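Enquirer: got a predicted structure here, sequence first:
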Amino acid sequence: MKKSEVQLFPHLNHEVVKDISGFKLCSYLVALEGWRRGLELKWYKDETELCKMDRLNSSTQGKFFSLSSNEKKHYFFRSRGDIVSNKTVRICQNKETTKDFLNEAGVPIPLGTVLSNDKEIIEYAEQVGFPVVVKPLKGSMGKGVYTNINNTQELNDVLAELRSTLKDTELMIEKYYPGKEYRIYVVGDKVIGATNRVPANIDGDGIHSVEDLIKIKNNERKSNPYLAPKPIKVDFEVRNLLKSVGYDLKSIPRKDEKVFLRDKSNLSSGGDPIEATDELSGEVKQIAVDTLKALPSIPHAGVDIIVDPQDDRKGVVLEVNATAEIGFHLYPLEGKARDVPSAIIDYYFPETKNMNRSSFYFDYLSVIEPLKQWAAEEVKIAAAPERSKSIKYITVTGKLKKVGYMSYIKRQAMRRGLHGYIQQIDDNSIEIKLLNGNEQNLNGFIEVCKKGSKKSKVQNVLENDLQENVEIPQKMGFQIISIN
């Protein structure tokens, strides 16, 4: 992994999204951006009666929330806001219906048709010419999609596999278009981010087997917040593609040889997200914008486009994702992060566009726990606190260990609305870091530190005010940091 080539946003460092993955990451990133701008944030156990959003047959827990100002409120499911109509969400779920809308608007799409009979599918493939693509009418994450099928035998094998796993008999068969595939995120009339999704692959070193190289790469992917839960898994497609190049899992690729494990580029099945917004031509960006205009009421979404390798001004639209993942735009494998959450909030709450953004973040996993346990219908997040321009460090020495001092100090800090942490330095001293607070609260808190808990014995309290970068993200609340 080329970590040196990755440029992430300081306000969304790895600590901010620690242990948050999948669709929950999309929800959290959008919610956090709005909350940091001062909008009121509520999370819901389930969709509210006030806003019925198509949930794509999945749970809404930890993914359904609202943001509101004094003037208005908007609901969100994952990355999708309530201005995106349920009708369009259902259109985008059906690839054939989506293509009908795009074709009517003159948006370029692949040549293809929908058939249910295997014999007719094979005849159509031979008519348009190999290679072809076969995929189910519904579905996401690349499930059931097989690309670059080069002959009748390969097509028969793919159909046999699909018939054993899919209930729906209808399949879409399309002419295969070579070229780079991009997921382009559009908000309004503007492309915010574009990612070249490279199919799952490994780089040979002349030493390790394919199987070992997959394990090595999966381990490397764990360092990326978005890719961590999306390992390369060995399945029919991987084995089949290896077989086509004369390899199996025990083969040892040559040094610097790139071995592709899939033809489809879905990141969920092990693909690599390479940020590529600046390499797209204006014409291709316009195709993405026109794609959303061809559908009813969908101001923001992800558009999948393959760009013509012979002419980068041309491309074909593969599909539209109304509830697109956005994590890889913020955490690419290579390239510069693109702030999709900010663009979404700008669209729904344009009046907050130039507001100062709080550097605090909240404990998302703790927040949604009562919703997961059905212990609450909704959870309202306290307003984002303001950071002080200076950080106050307090060092306390004395008899402080195993006498309840740290828990006592945490309670006192929280009563005063102070944010920061307390940690044990050694057997006789602790350090307290305060990120906010007015003079009255701070003075009262320092007196509490000096007095101590019932069983403690404070010998000395030393204060120190330091200027620190207030843009560095800090966790809301007051934490007790354990020493490993």
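Expert: Structure received. Numbering: from 1, shown residues only.

Enquirer: next one: the helix or strand that contains R239 to chain centre, how far?
Expert: R239 belongs to helix 236-244 when assigned by DSSP states H and E. Helix 236-244 sits 29 Å away from the centroid of its parent chain (Cα atoms, centre = their mean, to the nearest Å).

Enquirer: quick one: mean pLDDT over it.
Expert: Across helix 236-244, pLDDT averages out at 93.

Enquirer: so which bits of that helix are buried?
Expert: Across helix 236-244, burial judged by 16 or more other Cβ atoms under 10 Å covers 237-238, 240-242. C-betas here are computed from N, CA, C, even on glycine.

Enquirer: residue furthest from the geometric center of the chain?
Expert: Farthest-out residue of the chain from its mean C-alpha position, per Cα atoms, centre = their mean: Q459, at 48.7 Å.

Enquirer: did I read that right, that residue in a strand?
Expert: Yes - under DSSP: H, G, I helix; E, B strand; the rest coil, Q459 falls within a strand.

Enquirer: what ranges do the helices span in the stretch 301-450 of the chain?
Expert: 327-330, 340-348, 364-372, 405-415, 439-451 (DSSP state H, counting those that start in this stretch).

Enquirer: nearest to Q286, out of the ones you listed?
Expert: Smallest distance to Q286 across the helices of the stretch 301-450 of the chain (Cβ to Cβ): 17.5 Å, for helix 340-348.

Enquirer: CA atoms only: put that closest one into CSV for me.
Expert: What follows is helix 340-348, C-alpha atoms only, in CSV (Å, rounded to 0.1, in the frame of the first residue of the first chain):
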residue,chain,number,x,y,z
VAL,A,340,-18.4,14.2,0.0
PRO,A,341,-20.2,14.6,3.4
SER,A,342,-19.5,18.3,3.4
ALA,A,343,-21.0,18.7,-0.1
ILE,A,344,-24.1,16.8,1.0
ILE,A,345,-24.6,19.0,4.0
ASP,A,346,-24.0,22.1,1.9
TYR,A,347,-26.8,21.0,-0.4
TYR,A,348,-29.4,20.3,2.5
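
Enquirer: break the protein into its domains for me.
Expert: Using automatic domain parsing, the domain ranges for the chain come out as 12-82+341-380, 111-175, 390-481.

Enquirer: make JSON lines from these and add distance to R221 and mean pLDDT to it.
Expert: Below are the domains of the chain laid out as JSON lines (distance: least, Cβ to Cβ, whole Å; pLDDT from 0 to 100):
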{"stretch": "domain 12-82+341-380", "distance to R221": "12", "mean pLDDT": "92"}
{"stretch": "domain 111-175", "distance to R221": "16", "mean pLDDT": "91"}
{"stretch": "domain 390-481", "distance to R221": "23", "mean pLDDT": "91"}
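
Enquirer: for those, which one sits closest to G302?
Expert: Smallest distance to G302 across the domains of the chain (Cβ to Cβ): 8.5 Å, for domain 12-82+341-380.

Enquirer: strands of the stretch 51-200 of the chain, start to end?
Expert: Here the stretch 51-200 of the chain has its strands, by DSSP state E, counting those that start in this stretch, at 64-68, 73-77, 80-81, 112-115, 132-136, 146-149, 171-175, 181-187, 190-198.

Enquirer: what comes up buried for the first one?
Expert: Read that as strand 64-68. For strand 64-68, a neighbour-count test (16+ other Cβ under 10 Å) marks 64-67 as buried.

Enquirer: for the fifth one, same thing?
Expert: Along strand 132-136, these residues count as buried under the neighbour rule (16+ other Cβ under 10 Å): 132-136.

Enquirer: by contact count, what packs against that strand?
Expert: Applying 3 or more Cβ pairs under 8 Å, 6 or more residues apart in numbering; DSSP states H and E, we find strand 132-136 packed against strand 146-149, helix 152-165, strand 171-175.

Enquirer: the first one too?
Expert: Using 3+ Cβ pairs under 8 Å, 6+ apart, the elements in contact with strand 64-68 are helix 22-36, strand 40-44, strand 73-77.

Enquirer: give the pairing partners of that strand; include direction for each.
Expert: Next to strand 64-68 in the sheet, as set by DSSP bridges, lie strand 40-44 (antiparallel), strand 73-77 (antiparallel).

Enquirer: okay if I get those strands as TSV plus distance to Y408 and mean neighbour count?
Expert: Shown next, in TSV, are the strands paired with strand 64-68 (distance: least, Cβ to Cβ, whole Å; neighbours: other Cβ atoms under 10 Å):
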stretch	distance to Y408	mean neighbour count
strand 40-44	31	20
strand 73-77	40	21
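
Enquirer: got these as a markdown table, with distance to E471 columns?
Expert: Putting these into a markdown table (distance: least, Cβ to Cβ, whole Å) gives the following:
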| stretch | distance to E471 |
| --- | --- |
| strand 40-44 | 21 |
| strand 73-77 | 25 |
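
Enquirer: re earlier: spatially nearest residue to the residue farthest from the centre of the chain, not counting backbone neighbours?
Expert: G398 (3.9 Å; Cβ to Cβ, 6 or more residues apart in numbering).

Enquirer: the one you found - how many residues pack around it?
Expert: Neighbour count for G398, taken as other Cβ atoms under 10 Å: 18.

Enquirer: and if you look at the one 5 residues further on?
Expert: V403 sits with 16 neighbouring residues when counted by other Cβ under 10 Å.

Enquirer: tell me who's in contact with it.
Expert: Contacts for V403 (Cβ atoms under 8 Å, 6 or more residues apart in numbering) come out as 453, 455-456.

Enquirer: re the thing from before, most widely separated two among the buried residues of strand 64-68?
Expert: That would be F64 and L67, which, of the buried residues of strand 64-68, are the farthest apart (Cβ to Cβ) at 11.9 Å.

Enquirer: extract the CA atoms of the helix or strand in which N219 is found and return them as CSV.
Expert: N219 is part of helix 210-221, with elements assigned from DSSP H and E. The C-alpha trace of helix 210-221 is given here as CSV (Å, rounded to 0.1, in the frame of the first residue of the first chain):
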residue,chain,number,x,y,z
VAL,A,210,-1.1,-16.5,-4.6
GLU,A,211,-2.8,-17.7,-1.4
ASP,A,212,-0.1,-16.1,0.8
LEU,A,213,-0.1,-12.9,-1.2
ILE,A,214,-3.9,-12.6,-0.7
LYS,A,215,-3.4,-13.0,3.1
ILE,A,216,-0.7,-10.3,3.0
LYS,A,217,-2.8,-7.9,1.1
ASN,A,218,-5.8,-8.5,3.3
ASN,A,219,-3.7,-7.7,6.3
GLU,A,220,-2.5,-4.4,4.7
ARG,A,221,-6.1,-3.5,4.0
